[in-house]
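Visitor: Sequence and predicted structure are below.
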Amino acid sequence: MGKYIVRRLLQMIPVVLGSTFLIYAMVFAMPGDPTAGKCGERACPPAYVKEFREKYNLDDPLPVQYGKYMGNVLQGDLGENQYGIPVAEDLRDRFGVTGKLASMALVFQSVVGILAGILAGLRKGGFIDNLVIVSTLFVISIPIFVSGFVLQYFFGLELGWFPVLVGADATFYRLLLPAMVLGSLSLAYIARLMRTNIAENLGSDYVRTAKAKGLSNRRIIGIHTLRNSLIPVITFLGYDFGALLGGSIVTEGIFNILGVGGYVFTSIGNRDGIAVVGAVTVLVLVYLIVNLIVDLLYGVLDPRISHD
Amino acid sequence: MFGRDKHTAEQDDTHRDDTTRDTTGHDDANREEPATVVKGDPIAKPDVPPWERQGEQLLEVRDLFVEFHTSEGLAKAINGVNLTLAEGETLAILGESGSGKSVTAQAVMGILDMPPAKIPSGEIFYRGKDLLTMPEDERRKLRGPEISMVFQDALSSLNPVFPVGWQIAEMFRKHRDMNRSDSYDQAIRLMERVNIPGAKERVKAYPHQFSGGMRQRIMIAMAIALDPKVLIADEPTTALDVTVQAQIMALLKELQEEHDMGLILITHDLGVVADVADRISVMYAGRIVERAYVDDIYAAPAHPYTKGLLESIPRLDQKGQDLSAIGGLPPSLTRIPPGCAFNPRCVMAQDVCREESPPLRDIRPRRQSACHFAEELLDD
Ligand SMILES: Nc1ncnc2c1ncn2[C@@H]1O[C@H](COP(=O)(O)OP(=O)(O)O)[C@@H](O)[C@H]1O
Ligand code: SF4
Ligand SMILES: [Mg+2]
């Protein structure tokens, strides 16, 4: 296990270096002037351009530039964005909001999705099953930006139950509706996955054994069936959490949430290379670490998976 | 103690006096145990065969019918099966795959999925109590402490995500309210009893970490954990190597004698049961077509189907010979042929076989067959 973790961490190094180098190269080595658009409509004054090129070593060969940048990153210095604010500070705020929103969406989609899946799978073809199948199909087939706007209009404007926009003060209550919108698609997939697993495992040989052991129905379902059915669902949830932490441009846009997705989006639009590279570097790391945790968890849940 | 008057259970329905049917088993509690209790003894061969004896049956299946509602129609999987099992006795149920052996076993265990399965009629008595009319909760509590089952494929029948010791210990925790550490001690004791080397060290290992034979031993340990009176083993060795098969059979026999259990041994391979079983019931298309003592059936089968099964036992001295001595396939259970269900495949079939269903009848002492020409076959 320990060896496995070390190996996985070592494997991350080339992935992080490779992906950040690609992003770096795309942002700074693309044709065009990296300072273009940084000084409003006019071209930047030569003094500014000179300072900028020096600061980011833009006159060095690309690998050297990148090497120097990564050296700074390793010391915790992600550089400053075009407004002179340290990218690290920006990202801390943004990841705080996105992390909160992602966690809320995760809890929402896993609790509701798993419960709906269990109820549907226990009585395949029954009323609840049909309800779950139809409603999840509905959710899956409607794009998030449609359902997001509809729910925002209905619950936010018409009923007034939730604030319409989130804005700078991302409280739990303000994030509630966006979290449900954000989690709705995965919720539908989880419900369906759980339903299939439960129905399939109910017919498995080991559940038959559990019945032959004279166990109560509650134990047959709650322990023997559930444990096995949850394994793929938890894996899905783990990877999904990684994706949620990358932020969502659509949901953040609809509800005016100041999260990671919008940050990357506006930074690309502003040609703010330092901000983009910094954000993506952190995203890659977060995603890799979440994946490692999910893989480890998978090994704990399913003893047949060996991490030796 | 659990005696029933008059008629015997394991008679074919055509022999049954229906008026006695519902009067049985009611005043059991007040009845003295009969003075002469004859227990199933394969060697001594008592004069009265077990299915004609009274008062000591552990298990009696009477006129059991099971059907499945499938997309192709109504599949009549079990069509009037009668069985008895006495303490300490080993009954082999033999038949090709699809003949209804597992369904019978699962009906007795009460683990059939209903739906799709349905039991339109029949009775299953365990020590005089009808399991089919018992409240489900009461019946559930018999599974494990009283009636237990070993399945064919131990790898899929054990839960892959729990340690084997945990799965054995669960019997003690749930049926006996035992605490964790005591129940684990019991699990180790049982694993040692079924000869798993290093039981103490392996009690926390998972099913996939054992060999096929060891896994089946674990299944057996779990099944006998609470000293059941009846053990049903559904093709317990089919998935195993030949050498391991013999060991598992020997273990089952040993445990059965040790605990004086009634053992129902289901198999499609006559060769497997020769040394272990006392009696054999042969099944075809959801019916019992022949019932006899093991030695008798080996000496001379009284049903063409049994004869075919006997001829298909692989022999070391006849390598390469065609194993499937019976031509054709078992009938579709949604369309069982009229008359004798075996007639399309039977070399002895006559016109009468296509019209009249042969009842299971006594043809010799301790011998029953459901063939119109059983006597002719025996006289050959
Ligand atoms: N769950 C089920 N659904 C539909 N039909 C079934 C089911 N289980 C068993 N059957 C039917 O019962 C027949 C007997 O099956 P089984 O008792 O498993 O045979 P075997 O003698 O091989 O153990 C099968 O041929 C099948 O048609
Ligand atoms: S009754 Fe006829 S068809 Fe059936 S087994 Fe006997 S001889 Fe064959
Ligand atoms: Mg079977």
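Guide: All right, it came through fine. Worth saying up front: this structure is predicted, and the values here are computed from it rather than measured. Ligands and ions are numbered 1, 2, ... in the order given.

Visitor: mind listing what residue 67 touches?
Guide: The chain I'm using is chain A. With contact set as CB atoms under 8 Å, 6 or more residues apart in numbering or on different chains, A:G67 has no partners. From N, CA and C alone the C-beta is placed, and that goes for glycine too.

Visitor: looking at chain B here, not the other one
Guide: B:74-78, B:117-118, B:120.

Visitor: swap in B:E170?
Guide: Neighbours of B:E170 in contact, by CB under 8 Å, 6+ apart: A:213, A:215, B:183.

Visitor: Which members of these additionally contact ligand 2?
Guide: Among the contacts of B:E170, proximity to ligand 2 is found for none (CB under 6 Å from any ligand atom).

Visitor: and which of these is nearest to A:V280?
Guide: Nearest to A:V280 among those, counting by CB to CB, is A:L215 at 50.9 Å.

Visitor: quick one: contacts for the closest residue to that closest one other than its chain neighbours?
Guide: Nearest residue to A:L215 in three dimensions, chain neighbours excluded: B:K174, at 5.9 Å (CB to CB, 6 or more residues apart in numbering or on different chains). B:K174 sits next to A:213-216, A:219 when contact means CB under 8 Å, 6+ apart.

Visitor: For chain A, which residues are neighbours of chain B?
Guide: Counting by CB under 8 Å from any CB of the partner chain, the residues of chain A close to chain B are A:203-206, A:208-216, A:219, A:224, A:227-228, A:231, A:301-304.

Visitor: Selecting buried members of those residues in ChimeraX, what would you type?
Guide: In ChimeraX, this line selects whichever of the residues of chain A next to chain B come out buried by 16 or more other CB atoms under 10 Å in any protein chain shown:
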select /A:204,205,206,208,209,210,211,212,213,214,215,224,227,228,231,301,302,303
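
Visitor: remind me, longest helix of the chain?
Guide: Unless you meant another one, I'm taking chain A. Ranked by residue count under DSSP state H, the longest helix found in chain A is helix A:87-122.

Visitor: wait, chain B
Guide: Assignment by DSSP H gives helix B:242-259 as the longest helix of chain B.

Visitor: what's next to the helix or strand that comes right after that helix, contact-wise?
Guide: Following helix B:242-259 in sequence order, the next helix or strand is strand B:262-267 (DSSP states H and E). With CB under 8 Å, 6+ apart as the test, strand B:262-267 has contacts from B:58-59, B:83, B:85-94, B:101-102, B:105, B:108, B:229-238, B:252, B:256, B:272-273, B:276-277.

Visitor: Repeat that for stretch A:77-91.
Guide: Here stretch A:77-91 makes contact (CB under 8 Å, 6+ apart) with A:38, A:56, A:69, A:72, A:76, A:260, A:263, A:267, A:270, A:272, A:274-275, A:277-279, A:281-282.

Visitor: Just the ones of those residues in helices?
Guide: Reading helices off the contacts of stretch A:77-91 with DSSP H, I get A:69, A:72, A:260, A:263, A:267, A:274-275, A:277-279, A:281-282.

Visitor: Nearest to ligand 2 among those residues?
Guide: Each of the ones in helices among the contacts of stretch A:77-91 was scored against ligand 2 by CB to the nearest ligand atom, and A:V260 proved nearest at 77.0 Å.

Visitor: Spit out the contact partners of the residue in chain B positioned nearest to chain A.
Guide: With CB to the nearest CB, the shortest gap between chain B and chain A falls at B:R143, namely 3.4 Å. B:R143 sits next to A:211-214, B:109-111 when contact means CB under 8 Å, 6+ apart.

Visitor: For the nearest residue to B:E72 once chain neighbours are set aside, give me its contacts.
Guide: Nearest in space to B:E72, with sequence neighbours left out and distances taken as CB to CB, 6+ apart, is B:T334 at 5.2 Å. For B:T334, the contacting residues are B:70, B:72-76, by CB under 8 Å, 6+ apart.

Visitor: Between all of these, which two are separated the most?
Guide: B:E72 and B:K76 (12.0 Å).

Visitor: re the thing from before, of the contacts of B:T334, select the buried ones using a ChimeraX command.
Guide: In ChimeraX, a selection of the buried entries from the contacts of B:T334 looks like this (16+ other CB under 10 Å):
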select /B:75,76
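
Visitor: Show the buried residues in the contacts of stretch A:77-91.
Guide: A:38, A:56, A:69, A:260, A:263, A:267, A:272, A:274-275, A:277-279, A:281-282.

Visitor: want to throw these into a markdown table with pLDDT?
Guide: Output for the buried ones among the contacts of stretch A:77-91, formatted as a markdown table (pLDDT from 0 to 100):
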| residue | pLDDT |
| --- | --- |
| A:K38 | 63 |
| A:Y56 | 72 |
| A:Y69 | 81 |
| A:V260 | 84 |
| A:Y263 | 83 |
| A:S267 | 81 |
| A:D272 | 76 |
| A:I274 | 79 |
| A:A275 | 81 |
| A:V277 | 83 |
| A:G278 | 83 |
| A:A279 | 85 |
| A:T281 | 84 |
| A:V282 | 85 |
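
Visitor: Could you export those residues as TSV, including distance to A:S186?
Guide: Shown next, in TSV, are the buried ones among the contacts of stretch A:77-91 (distance: CB to CB, whole Å):
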residue	distance to A:S186
A:K38	38
A:Y56	39
A:Y69	35
A:V260	18
A:Y263	22
A:S267	26
A:D272	31
A:I274	32
A:A275	28
A:V277	29
A:G278	28
A:A279	23
A:T281	26
A:V282	23
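
Visitor: how far away is the residue sitting nearest the centre point of chain B from B:I232?
Guide: By CA atoms, centre = their mean, chain B has its centre lying nearest to B:I264, at 3.7 Å. Distance, B:I264 to B:I232, by CB to CB, to the nearest Å: 5 Å.

Visitor: ok, A:V290 - contacts?
Guide: Contacts of A:V290 (CB under 8 Å, 6+ apart): A:238-239, A:241-242, A:245.

Visitor: quick check, nearest of these to B:L190?
Guide: Nearest member of the contacts of A:V290 to B:L190, counting by CB to CB, is A:G238, at 37.4 Å.

Visitor: And that closest one, how close does it get to A:F265?
Guide: With distances taken as CB to CB, A:G238 is found 25 Å from A:F265.

Visitor: so what sits against both of B:I264 and B:I232?
Guide: By the contact definition CB under 8 Å, 6+ apart, B:I264 and B:I232 are jointly contacted by B:105, B:108.

Visitor: who touches the residue of the stretch 201-308 of chain A found nearest chain B in this structure?
Guide: Among the residues of the stretch 201-308 of chain A, A:G214 lies closest to chain B, at 3.4 Å counting by CB to the nearest CB. Residues in contact with A:G214, defined by CB under 8 Å, 6+ apart, are B:140-145, B:174-175.

Visitor: Helix or strand: which one has B:A233?
Guide: Assigned by DSSP H and E, B:A233 belongs to strand B:230-234.

Visitor: What strands line up against that strand, and which way round?
Guide: strand B:147-150 (parallel), strand B:262-267 (parallel) (DSSP bridges).

Visitor: Any chance you could list what contacts it?
Guide: If you take CB under 8 Å, 6+ apart as the criterion, strand B:230-234 is touched by B:58-59, B:85, B:101-102, B:105, B:108-109, B:126, B:146-152, B:223-224, B:252, B:255-256, B:261-266.

Visitor: ok, back up a step: winner for burial among the strands paired with strand B:230-234?
Guide: Most buried of those, by mean neighbour count (mean count of other CB atoms under 10 Å in any protein chain shown): strand B:147-150, with a mean of 27.

Visitor: Return the distance of it from the chain's centre.
Guide: Centre-to-centre, strand B:147-150 and its host chain are 10 Å apart (CA atoms, centre = their mean, to the nearest Å).
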